[in-house]
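Peer 1: got a predicted model here, sequence first, then my questions.
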Amino acid sequence: MTAVPPPAPFAEPGAEPGRTIVDVRNLTLTYQAADHPVYALSDVSLSIAQGDFISLIGPSGCGKTTLMRVIADLEQPTGGTVLVNGMTPEQARLKRAYGYVFQAPALYPWRTVERNVTLPLEIMGIPRGERQTRAREQLERVGLAGFERKFPWQLSGGMQQRVSIARALAFNPDLLLMDEPFGALDEITRDHLNLQLTQLWRRTRKTCVFVTHSIAEAVFLSTRIVVMSPRPGRILDVIDCARDLPPERTLDIRESPEFQRIAHRVREGLMEGHSYDD
Ligand SMILES: Nc1ncnc2c1ncn2[C@@H]1O[C@H](COP(=O)(O)OP(=O)(O)OP(=O)(O)O)[C@@H](O)[C@H]1O
């Protein structure tokens with residue numbers, strides 16, 4: 001894979017560390033399934049600041065995707081409020097305040113890599129030359145310079161997921177929502193992408209919300225980890241990783257006692273909240 005350029009220690013212009021980007025208060029969501037209600041989220045409150053990297057971790061079905069989808073205005077809450085950049089999720093969606101990366105890359109096989117990245121810009125009516133410039137910048141950011149004219153099926157799964165990250169970044173959103181983007185990849189590729197993602201985050205200081213089932217991935221990437229209970233999803237613990245781990249992270253920090261201690265606390269939280277009756 002192509003190496004990512006070395007990270008520069010600055011945030012993007014306009015970034016204001018500390019400003020609240022996502023404000024979730026007393027969020028409840030019940031799905032009305034055909035024969036019974038599904039209580040997906042119960043009384044979730046969370047404040048996410050500019051430049052935070054938040055991981056949501058919890059057992060399968062605890063509502064992690066649901067929480068992301070409410071922030072993205074893809075689901076309507078039953079109760080509580082959500083503000084994104086001070087706006088309702090609908091206003092934020094219309095203003096393209098966030099980019100969303102799905103579990104599967106969701107690329108169009110008949111479009112080149114570059115034309116997959118430019119798609120949201122086409123929809124926004126941005127002129128062709130500017131679309132190309134922005135797509136190339138983002139592809140370079142994710143280490144895919146030179147792959148513009150390839151088709152998705154010519155790339156590995158990890159490279160395809162990097163294309164979808166470039167696409168989500170193309171319109172320069174304040175917020176990046178990533179729903180288990182590396183879950184289907186082998187461990188070595190996943191390590192590599194974790195490293196690239198932490199470098200990308202450090203360069204841009206985009207606010208990130210990241211869903212994962214991997215404790216190591218959550219500790220490695222995050223400034224804070226949100227541990228959720230089994231359904232209905234509630235927040236059991238919020239763990240500050242930025243206090244004990246440096247912002248600049250290399251894979252070997254996973255061996256450090258600080259890393260192990262945080263991982264242990266996440267594991268304890270998951271075990272305490274887990275019901276073995278299911
Ligand atoms: N549209 C829907 N209608 C009914 N139930 C739903 C709907 N979408 C999700 N659910 C249920 O709501 C609960 C939470 O789902 P969600 O996908 O948010 O969990 P998750 O924590 O992201 O799970 P996973 O880790 O397996 O991806 C699950 O029990 C799921 O089956």
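Peer 2: That came through, no problem.
Peer 1: break the chain into its domains for me.
Peer 2: 20-97+176-273, 110-172 (automatic domain parsing).
Peer 1: those domains: which one's closest to Ala104?
Peer 2: domain 20-97+176-273 (7.1 Å; Cβ to Cβ). (Glycine included, C-beta is placed from N, CA and C.)
Peer 1: any part of the closest one near the ligand?
Peer 2: Yes - counting by Cβ under 6 Å from any ligand atom, the ligand has neighbours in domain 20-97+176-273: 31, 33, 38, 40, 58, 60-66, 231.
Peer 1: neighbour-wise, which of those leads?
Peer 2: Comparing the residues of domain 20-97+176-273 next to the ligand on neighbour count, Gly63 comes out first with 28 neighbours (neighbours: other Cβ atoms under 10 Å).
Peer 1: and it, how close does it get to Ala40?
Peer 2: Distance of Gly63 to Ala40, given as Cβ to Cβ, to the nearest Å: 4 Å.
Peer 1: name the residues contacting each of those two.
Peer 2: 29, 231-233 (Cβ atoms under 8 Å, 6 or more residues apart in numbering).
Peer 1: ok, and the most crowded of the residues you listed?
Peer 2: Ranking these using other Cβ under 10 Å puts Gly233 first, with 27 neighbours.
Peer 1: I'd guess Ser60 is in a helix, am I close?
Peer 2: No - the assignment for Ser60, made by DSSP: H, G, I helix; E, B strand; the rest coil, is coil rather than a helix.
Peer 1: still on that earlier bit, out of the residues of domain 20-97+176-273 next to the ligand, which comes closest to Phe171?
Peer 2: The closest of these, once distances to Phe171 are taken by Cβ to Cβ, is Thr65, at 22.5 Å.
Peer 1: find me the pLDDT at the closest one, would you?
Peer 2: pLDDT recorded at Thr65 is 95.
Peer 1: can you tell me the SS state at the spatially most central residue of the chain?
Peer 2: The residue lying closest to the centre of the chain (Cα atoms, centre = their mean) is Met178, at 2.7 Å. Here Met178 is recorded as strand under three-state DSSP.
Peer 1: who's in contact with it?
Peer 2: Contact analysis of Met178 by Cβ under 8 Å, 6+ apart lists 100-101, 165, 168, 208-211.
Peer 1: how about the residues of domain 20-97+176-273 next to the ligand, which pair is most distant?
Peer 2: Of all pairs in the residues of domain 20-97+176-273 next to the ligand, the most separated under Cβ to Cβ is Ala33 and Gly58 at 20.3 Å.
Peer 1: taking the contacts of Met178, please make a PyMOL selection of just the buried ones.
Peer 2: Buried residues within the contacts of Met178, by 16 or more other Cβ atoms under 10 Å, are selected in PyMOL with:
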select buried, resi 100+101+165+168+208+209+210+211
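Peer 1: hmm, back to that, got a markdown table for the shared contacts of Gly63 and Ala40, with pLDDT, distance to Pro89 and secondary structure too?
Peer 2: As requested, the shared contacts of Gly63 and Ala40 are exported to a markdown table (pLDDT from 0 to 100; distance: Cβ to Cβ, whole Å; DSSP: H, G, I helix; E, B strand; the rest coil):
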| residue | pLDDT | distance to Pro89 | secondary structure |
| --- | --- | --- | --- |
| Leu29 | 97 | 12 | strand |
| Arg231 | 89 | 22 | coil |
| Pro232 | 91 | 20 | coil |
| Gly233 | 93 | 18 | strand |
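Peer 1: biggest separation within these, which pair?
Peer 2: Leu29 and Arg231, at 10.7 Å, using Cβ to Cβ across those.
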